[in-house]
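**Student:** Any chance you can model this:
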Amino acid sequence: MNGLGLLYNNGSGVKLDKKKAERLFRMAADRGDADAQCNLGAFFHSEERVEEGFRYFALAADQGYTYAESNLGLCRLGVVKSDKKAAKIWMRAVELGDVDAMVELGELYYAGLGVKLDKKKAERLYRAAADRGDALAQSNIGAFLHSEKKLEEAFRYYALAANQGYTSAEHNLGVYCSYGAGTEVDLGKARYWFERAAAKGFQPAIESIARLDAQDARRVMSWREKKLEYETRMARARGKKLDTLKTCTICGADKAKACKGCGTTAYCSTDCQRIDWRDRGHRKLGLVKSDKKAAKIWKRAVALGDVEAMNNLGTLYDNGSGVKLDKKKAERLYRAAADRGDAFAQNNLGALLDTEKKFEEAFRYYTLAANQGETFAENSLGCCYLWGEGTEVDVGKARYWFERAAAKGHEKARGNLAELNAQLGNVSAMVRLAELYNEGLGVKLDKKKAERLYRTAADRGHAVAQANLGFLLDSVKKHEEAFRYYALAAEQGFTLAEACLGICYRDGDGTEVDLGKSRYWFERAAAKGNELGDVDAMESLAEMYGKGLGVKLDKKKAERLYRTAADRGSAFAQNRIACLLDLEKRMEEAFRYYALAADQGATFAENSLGCCYRDGEGTEVDLGKARYWFERAAAKGDEPAIEALARLEAQI
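**Tutor:** All right, here's what the predicted structure looks like:
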């Protein structure tokens, strides 16, 4: 009954009939089928029958159905309108071991939304999710440990997230390798991780590569040209129309077109990923450095009946790497390994058959691999169930397999799951999906889709969505609308939005200049203490007191505020304090703050630190270190640093 209800609900193989779908869902739900109860809850949400939807989600949740617990936690429609209620339900989902719930509840504790602000509890929740393979949680734990100077452990968590393709973690791992933080200095590895992140357009990684390449002024100019070419190429690419989107089965839209009804897009099973031989660690041994040599080695191993070699050689023929492209030979090798039980080969064979539209056979091999815990196959199997490729449409099973892959940190599975949840009306899932589209993480970058999702969640009262929508609108110069959403989030006590509202009143962005209101919002945010946005507010308040803007001029108060922000890790504040101390000739203390800011990549501080080492101010003369810091600043186009570097070269 539940499966047939899904077919009528989606119009898959039968004529679309929502009433018949509801009757079938209800019959199965009233007999205690948790999956049907959850589907009926989703159906009622889509029909805006909120209270009925909530009741059926609750019935499924009472049976321990994890996804229904998640729906209850995410739901702020009509029945669950507060972060407090959401937090309670997330707690129940966490008790059932739901990894996404751990991350979501961690975010509530971190931001103090619906619960008392508790960074330690947030850390414990992130750590629990990280230890279950969640890449976002692993990266967050890395950031926590970095702030506590536990660099070796931070390095370990960044490595876990980076190895799953989490972009910011890849960059952070490169930074650690380049400075020897938590590991030995290894510029080769640093470059590898920077290049992985830069290949996805991650700007800090591009700048980090520039710093590695900075040896002299001519090299800097060469990098500037490369960066300009890259930015031009990206601008052209983003200007092209994307015509490969495929929509969900929830609303029954045609797969070849974007859905006008819900405006959302799911992946199809052709987004599967094949496991390449390099992913299995062979290149890490340093023994096989080229695909041609690898092919020779694998051929000998295949002749001896080595199953792993069959899969590895298959990937080379599949991609035309080191051998002539030969899909038939690749298929024979994959099949030989797959029929001997190799999960990687089963997944790769499924992917190959998928591209040839042999969906039933592809589905069979994905199932074999997924049942062995192969993550890529789990995601692809979820897509098969979502689209009905090689099997009947079953949204419940699609969700199950996406959850299994997402729990291990698979980015595309997380995107698929967030997409599915968003289509079912889950507000927090909409926010997470919007973040993915806004940053291009695991999905194609799509600012318009991000805006639609943020707007839907924001209009339902989600503070983070309201603030994020404000940022997005600000970036396209829609200041009046951005101001309105900042105000909504700030009224709910979201610290970062309070700081942004202070800036709007100070600069007249989207409203009239009102320095009194500006100070009020900055003070509200700054008073929170060690929250996201409070440091920005302190810096802004310090500027007001330092210049006498809307308040009585008070240099000492400005310095105290800058110092507080600096001690909380703000590179901007560290640099400002250093400048103040520099003017007062308190060079040893100035040097210390320049060093703190420079270590975080503040360009002006890097140049100033170079001057300190060159002139022996606050430290001993060290021309080698002076050159290093000038090169770091020069790589980012800092003209004083480029000039200082040229003079230093002439001096040496």
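**Student:** isn't A497 right next to A482, touching?
**Tutor:** No - the criterion here is C-beta atoms under 8 Å, and A497 misses it with A482 at 10.5 Å. Every residue, glycine included, has its C-beta placed from N, CA and C.
**Student:** Looking at those two, which one has more neighbours?
**Tutor:** Neighbour totals were compared for A497 and A482, and A497 leads with 27 against 23 (other C-beta atoms under 10 Å).
**Student:** Now the common contact residues for A497 and A482.
**Tutor:** The contact sets of A497 and A482 overlap at G470 (C-beta atoms under 8 Å, 6 or more residues apart in numbering).
**Student:** Tell me which residues touch G569, please.
**Tutor:** By C-beta under 8 Å, 6+ apart, G569 lies in contact with S147, V535, Q600.
**Student:** Among these, which lie within helices?
**Tutor:** With helices taken from DSSP state H, the overlap with the contacts of G569 comprises S147, V535.
**Student:** Just the pLDDT for the residue nearest to the spatial centre of the chain.
**Tutor:** Among the residues of the chain, the one closest to the centroid is L441, at 5.5 Å (C-alpha atoms, centre = their mean). At L441, the pLDDT value in this model is 72.
**Student:** before we move on, what about L136?
**Tutor:** For L136, the pLDDT comes out at 84.
**Student:** Check the one 3 residues further on too.
**Tutor:** Taken from the predicted model, the pLDDT recorded for S139 is 87.
**Student:** rewinding a little: the residue nearest to the centre of the chain and M91, how far apart?
**Tutor:** Going from L441 to M91 by C-beta to C-beta, to the nearest Å gives 27 Å.
**Student:** And A42, by the same measure?
**Tutor:** Counting by C-beta to C-beta, the gap from A42 to M91 is 22 Å.
**Student:** So the two - more neighbours on which side?
**Tutor:** With neighbours defined as other C-beta under 10 Å, A42 and M91 compare such that A42 has more, 26 against 15.
**Student:** what about the more buried one, helix or strand, and which?
**Tutor:** helix 34-46 (DSSP states H and E).
**Student:** From the contact counts, what lies against that helix?
**Tutor:** Counting contacts by 3 or more C-beta pairs under 8 Å, 6 or more residues apart in numbering; DSSP states H and E, helix 34-46 packs against helix 2-10, helix 18-30, helix 50-62, helix 66-74, helix 395-406.
**Student:** Quick one: list the elements packing against the second one.
**Tutor:** What it means is helix 18-30. When contacts are defined as 3+ C-beta pairs under 8 Å, 6+ apart, helix 18-30 packs onto helix 2-10, helix 34-46.
**Student:** CA-only coordinates of the last one, as CSV, when you get a sec.
**Tutor:** Once non-C-alpha atoms are left out, helix 34-46 reads as follows in CSV (Å, rounded to 0.1, in the frame of the first residue of the first chain):
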residue,chain,number,x,y,z
ALA,A,34,6.3,3.7,10.1
ASP,A,35,7.5,4.4,6.6
ALA,A,36,3.9,5.1,5.5
GLN,A,37,3.3,7.3,8.5
CYS,A,38,6.4,9.4,7.6
ASN,A,39,5.3,9.6,3.9
LEU,A,40,1.8,10.7,5.0
GLY,A,41,3.3,13.3,7.2
ALA,A,42,5.3,14.6,4.3
PHE,A,43,2.2,14.5,2.1
PHE,A,44,0.2,16.6,4.6
HIS,A,45,3.1,19.1,4.8
SER,A,46,3.1,19.5,1.0
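**Student:** Any buried residues in that helix, and which?
**Tutor:** 34-46 (16 or more other C-beta atoms under 10 Å).
**Student:** Reformat the residues you listed as TSV; add distance to P204.
**Tutor:** Formatted as TSV, the entries for the buried residues of helix 34-46 read as follows, by distance: C-beta to C-beta, whole Å:
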residue	distance to P204
A34	45
D35	43
A36	47
Q37	46
C38	41
N39	43
L40	46
G41	42
A42	39
F43	44
F44	44
H45	39
S46	40
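**Student:** Kindly format the C-alpha coordinates of stretch 184-200 as PDB.
**Tutor:** Extracted C-alpha coordinates of stretch 184-200, given in PDB (Å, rounded to 0.1, in the frame of the first residue of the first chain):
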ATOM      1  CA  GLU A 184      56.300  17.900   9.700                       C
ATOM      2  CA  VAL A 185      56.700  20.600   7.100                       C
ATOM      3  CA  ASP A 186      56.000  19.200   3.700                       C
ATOM      4  CA  LEU A 187      55.600  21.700   0.900                       C
ATOM      5  CA  GLY A 188      54.900  19.000  -1.600                       C
ATOM      6  CA  LYS A 189      51.900  17.800   0.400                       C
ATOM      7  CA  ALA A 190      50.800  21.400   1.100                       C
ATOM      8  CA  ARG A 191      50.800  22.100  -2.700                       C
ATOM      9  CA  TYR A 192      48.800  18.900  -3.300                       C
ATOM     10  CA  TRP A 193      46.000  19.900  -0.900                       C
ATOM     11  CA  PHE A 194      46.000  23.500  -2.000                       C
ATOM     12  CA  GLU A 195      45.600  22.400  -5.600                       C
ATOM     13  CA  ARG A 196      42.800  20.000  -4.700                       C
ATOM     14  CA  ALA A 197      40.800  22.900  -3.100                       C
ATOM     15  CA  ALA A 198      41.800  25.400  -5.700                       C
ATOM     16  CA  ALA A 199      40.500  23.100  -8.500                       C
ATOM     17  CA  LYS A 200      37.000  23.700  -7.000                       C
END
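**Student:** hmm, who's touching that stretch?
**Tutor:** By C-beta under 8 Å, 6+ apart, stretch 184-200 touches 162, 167-168, 170-171, 173-175, 177-179, 204-206, 208-209, 212, 440.
**Student:** Keep only those of those that are in strands.
**Tutor:** Among the contacts of stretch 184-200, no member falls in strands (criterion: DSSP state E).
**Student:** Could you turn the buried ones of the residues you listed into a PyMOL selection?
**Tutor:** In PyMOL syntax, the buried subset of the contacts of stretch 184-200 is picked out as below (16+ other C-beta under 10 Å):
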select buried, resi 162+167+168+170+171+173+174+175+177+178+204+205+206+208+209+212+440
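**Student:** returning to that earlier point: which ones are touching the residue nearest to the centre of the chain?
**Tutor:** Taking C-beta under 8 Å, 6+ apart, we find L441 in contact with T167, E411, G415, E435.
**Student:** Apply 10 Å and report the result again.
**Tutor:** A135, L136, G165, Y166, T167, S168, K200, F202, E411, R414, G415, E435 (C-beta atoms under 10 Å, 6 or more residues apart in numbering).
**Student:** from the residues you listed, which would you call buried?
**Tutor:** A135, L136, G165, Y166, T167, S168, F202, E411, R414, G415, E435.
**Student:** In helices, which of these appear?
**Tutor:** Short answer: these in helices (DSSP H) are A135, L136, T167, S168, E411, R414, G415, E435.
**Student:** need these in TSV with distance to R26, can you?
**Tutor:** Formatted as TSV, these follow (distance: C-beta to C-beta, whole Å):
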residue	distance to R26
A135	39
L136	37
T167	44
S168	45
E411	37
R414	32
G415	32
E435	35
